[in-house]
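> Here is a sequence with its predicted model. Questions after.
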Amino acid sequence: MTREVLEVVAVAIVREGRLLVVSKQAAPEVFYVPGGKPDPGEAPLETLYRELDEELGVRPLEPRFLADVEAVAALEGVPMRMSLYGARLAQVPRPAAELAHLRWITGHEDDIRIAPAVRDHVLPMLWQGRLTES
């Protein structure tokens, strides 16, 4: 039996060497990069624009595809494929919709629980200088 893969579109936003991460009200202790699941028939960039508007009240500038990341979804515990984009922001992000918290991290903090996809894939990209500052 094949397990269904959770499809997600997310964005890595970096300022001053720190990555923007958010947590949801349903699990405020677990932090992710902003994004979400596509609606039926929705293209990845449409998902990205919609999710950033809903969650943070911002629009991504010059989004560019970075990588497809495979990991276990932090809350659902199922296989996940995350289409990761990089982008800049013109506005200041503010948590809205289902978000609980917003933080800028280096990945070396010991007081935060990071989702596996971010910990194992996105933060190493940050440390290797592969994510562009916004």
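Sure, I can see it. These numbers were taken from a predicted model, which means no experiment stands behind them. Residues are numbered from 1 along each chain as shown.
> what's downstream of the lengthiest helix in the chain, the next helix or strand?
Counting by DSSP state H, the longest helix found in the chain is helix 44-56. Sequence-wise, the next helix or strand downstream of helix 44-56 (DSSP states H and E) is strand 60-72.
> can you pull the buried residues of that following strand?
By neighbour count with 16 or more other CB atoms under 10 Å, strand 60-72 contains the buried residues P60, P63, L66, V69, A71. Quick note: C-beta positions are derived from backbone N, CA and C, even for glycine.
> One more: stretch 32-50?
Under 16+ other CB under 10 Å, the buried positions of stretch 32-50 are Y32, V33, P34, G35, G36, P38, P44, T47, L48, Y49, R50.
> end-to-end on that stretch?
17 Å (CA to CA, to the nearest Å).
> For the protein, which segments are assigned as strands?
For the chain, the strands defined by DSSP state E occupy 6-12, 14-15, 18-24, 27-32, 35-36, 60-72, 79-89, 99-105, 113-114.
> can you list contacts of the second one?
Among residues not part of strand 14-15, those counted as contacts by CB atoms under 8 Å, 6 or more residues apart in numbering are L20, G86, W104, L126, L131, T132, E133, S134.
> separation between the residue nearest to the fourth one when sequence neighbours are not counted and A10?
Taking CB to CB, 6 or more residues apart in numbering, and ignoring the residues beside it in sequence, L126 has L19 as its nearest neighbour in space, at 5.3 Å. Here the criterion is CB to CB, to the nearest Å. By it, L19 lies 11 Å from A10.
> and for the two, which residues touch both?
What both L19 and A10 touch, as defined by CB under 8 Å, 6+ apart, is the set V33.
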